[in-house]
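>>> Let me see the structure of the following:
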Amino acid sequence: MDKTIEIKAIDKEKALERALKVLGISLTDNEEVEIIEKISPKKKLFGLLGTESGLYEICIKSKIKNEEKKAEKVEKKNVNTVENFSKENTRKEEKLEIKKDVKEKDEKEIEIIEKTKILLEKMSLNFEIEIKKLKEKSYVVNLIGEDNAIIIGQKGKTLNSFEYLLNSLVKDCRIEVDVEKFKEKRNETLRALAKKMAEKVLKTNKTVRLNAMPPRERKIIHEVVNKYPNLDTYSEGRDPKRYIVIKKKK
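Residues are numbered from 1 along each chain as shown. This next block holds a predicted model:
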C-alpha cells in the first residue's frame, strides 16, 4: 500500500530519514520513493544563523503495483488497437458490401432508387429505401422511416400520388410503393369495402360509384365484386381520377 507523509527538513535526504522514522518502516527493493518539495528551505541571514526547514511530501510506492499499472495501460492500449483495427475492418467490409449490393442491382433498380430519392427530397421527407424485383419490369419499393403518416396521407391518397409520380418518372416498368406493409392493411380494407358495396347494390338495386383509385386498388375491387354472379364492375375516367362503377346485371 502506498504511504504519503509531509515532513519539515532542511533538505530531501533529511526529509526521507525523518519520514521513515515517523512511519516506522525501512525501504525494500520492491519500493520506490517520490519526494516533492512544497516549500523550499531558507537560509537565515545569509546562512550565518542556520537554515529554516522546508516542507517536503514523501510518497513511498510499491514497484510491483506500478508495474501492474503499466501492464494494464499497455494491455488497454493493445485492446484499443485491436478494437480499432476490428472497427476499421468492419467499415471496409461494409463498404465492400455496399459496393457489392450496388453491383448486384440492375440499372433499372438504380434508376428507381435515384428517382425515389429525388421525390422524397422535394417533399422534405427522410426514408430508407428498399427495392425488390418481383418479375421482369415489375418492382416493389418499400419506404422505412418516421414520416409514415405524411407519405401515406388520408386513406393512402398521398402514397398513391407518390406511386403515380414515380411511375411517370421511370419508364418501361411497373413500380409499387409501400410503407412498412401499409398496402397489406389497405388491401384488407379494400376487400371489406368491395364486399360492403356489392351487398348494397344487391339490396338497393342502385348503381354505386366508388372514389378514384390507382390501378392496383381497382384490381382488388374488381376481383371481389366479380365473385358475385349478379353484379358487374367497370372503370370510368382517366388516371389518377379513374374510379370503379358497381351495378346489377340486366
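
>>> which residue ranges form the strands in this structure?
Here the chain has its strands, by DSSP state E, at 3-9, 31-39, 42-43, 51-52, 54-62, 127-135, 138-145, 174-179, 208-209, 231-236, 243-248.

>>> Let me see the residues that make contact with the first one.
By Cβ atoms under 8 Å, 6 or more residues apart in numbering, the surrounding residues in contact with strand 3-9 are 15, 17-19, 22-23, 25, 38, 41, 53-60. From N, CA and C alone the C-beta is placed, and that goes for glycine too.

>>> Reformat the strands of the chain into JSON lines and put distance to Pro215 and mean pLDDT next to each item.
Output for these, formatted as JSON lines (distance: least, Cβ to Cβ, whole Å; pLDDT from 0 to 100):
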{"stretch": "strand 3-9", "distance to Pro215": "84", "mean pLDDT": "81"}
{"stretch": "strand 31-39", "distance to Pro215": "84", "mean pLDDT": "82"}
{"stretch": "strand 42-43", "distance to Pro215": "100", "mean pLDDT": "75"}
{"stretch": "strand 51-52", "distance to Pro215": "102", "mean pLDDT": "78"}
{"stretch": "strand 54-62", "distance to Pro215": "82", "mean pLDDT": "82"}
{"stretch": "strand 127-135", "distance to Pro215": "15", "mean pLDDT": "91"}
{"stretch": "strand 138-145", "distance to Pro215": "13", "mean pLDDT": "92"}
{"stretch": "strand 174-179", "distance to Pro215": "9", "mean pLDDT": "92"}
{"stretch": "strand 208-209", "distance to Pro215": "17", "mean pLDDT": "96"}
{"stretch": "strand 231-236", "distance to Pro215": "9", "mean pLDDT": "95"}
{"stretch": "strand 243-248", "distance to Pro215": "11", "mean pLDDT": "95"}
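
>>> Now do the contacts for the closest residue to Asn167 other than its chain neighbours.
Nearest non-adjacent residue to Asn167, counting by Cβ to Cβ, 6 or more residues apart in numbering: Ile175, 5.3 Å away. Counting by Cβ under 8 Å, 6+ apart, Ile175 touches 112, 139-141, 163, 166-167.

>>> Is there a quick ChimeraX command that grabs whichever of those are buried?
Selection of buried members from the contacts of Ile175 for ChimeraX, criterion 16 or more other Cβ atoms under 10 Å:
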select :112,139,141,163,166,167
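
>>> Out of the contacts of Ile175, flag the one nearest to Tyr243.
Glu163 (16.9 Å; Cβ to Cβ).

>>> What subset of the contacts of strand 3-9 is buried?
15, 18-19, 41, 53-54, 56, 58, 60.

>>> before we move on, the earlier item: will you turn the contacts of Ile175 into a markdown table that also has distance to Tyr234?
Formatted as a markdown table, the contacts of Ile175 follow (distance: Cβ to Cβ, whole Å):
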| residue | distance to Tyr234 |
| --- | --- |
| Ile112 | 31 |
| Tyr139 | 28 |
| Val140 | 27 |
| Val141 | 30 |
| Glu163 | 23 |
| Leu166 | 27 |
| Asn167 | 23 |
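
>>> Since that was my last question, I'll sign off now.
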